[in-house]
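Everything below, folded, please.
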Amino acid sequence: MVDAEILRRRIDALLGYVNRLEPFGAMDRKRFIADRDEHHLAERYLHLAIESALDIANHLIADAGFEAPDTYRDAFAILTRHGVLDDELGKRLQSWAGMRNVLVHLYLDIDHGITWDTIRTDLGDLRRLAEIAAAKL
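Just a heads-up that it's a prediction; the model follows:
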């Protein structure tokens, strides 16, 4: 059975980070790239949002008794295989897991333009995951 409080806290965290990220996508792209304080803060919120999404995925996997993921990407692949996520969203969320690895391990080489593009166009993926998880409560 889903631990409603744990899942609710992760959903709230995810949506909170997404809400904090949206203004960065409204910024001028060149300004975002040039302003270290802006892109570093946005990248931290992005990292935390992805961690929240992964926590949600792993919680749903454990609750359903699905096989344990071997990688971050695998968490979303498992949810897709079991029909919790549709194929398109599952693939997109797997890309988010890749973004997490870039933010954590390749932080010296981040393309801040890609970060801005992602914030501007792809946050709906994370909102959709939150909606799916909220429906499990």
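
what residues are up against the spatially most central residue of the chain?
Note on the chain: the residue nearest the mean C-alpha position is Ile50, at 3.0 Å, using CA atoms, centre = their mean. For Ile50, the contact set (CB atoms under 8 Å, 6 or more residues apart in numbering) comprises Trp96, Ala97, Met99, Arg100, Leu103, Leu126. Every C-beta, even on glycine, is put in place using the N, C-alpha and C of the backbone.

Which members of these are the farthest-apart pair?
Leu103 and Leu126 (14.1 Å; CB to CB).

Comparing the two, which residue is more hemmed in?
Leu126 (23 against 18; other CB atoms under 10 Å).

host element of that one?
Using DSSP states H and E, Leu126 sits in helix 112-134.

And for Gln94, the neighbour number?
Gln94, neighbours per other CB under 10 Å, totals 18.

Work out the gap between the helix or strand harbouring it and the centre of the chain.
Gln94 belongs to helix 87-105 when assigned by DSSP H and E. The chain centre lies 7 Å from the centre of helix 87-105; the measure is CA atoms, centre = their mean, to the nearest Å.

That one - contacts with which helices or strands?
helix 36-64, helix 72-81, helix 112-134 (3 or more CB pairs under 8 Å, 6 or more residues apart in numbering; DSSP states H and E).

For the second one, output the C-alpha coordinates as CSV.
The C-alpha trace of helix 72-81 is given here as CSV (Å, rounded to 0.1, in the frame of the first residue of the first chain):
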residue,chain,number,x,y,z
TYR,A,72,17.9,5.8,-12.5
ARG,A,73,16.7,5.5,-16.1
ASP,A,74,15.5,2.0,-15.3
ALA,A,75,13.1,3.3,-12.6
PHE,A,76,11.1,5.1,-15.3
ALA,A,77,11.5,2.1,-17.7
ILE,A,78,10.0,-0.2,-15.1
LEU,A,79,7.0,2.0,-14.6
THR,A,80,6.5,2.2,-18.4
ARG,A,81,6.7,-1.6,-18.8
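
Now that helix: buried residues?
By 16 or more other CB atoms under 10 Å, the buried positions in helix 72-81 come out as Tyr72, Arg73, Asp74, Ala75, Phe76, Ala77, Ile78, Leu79, Thr80.
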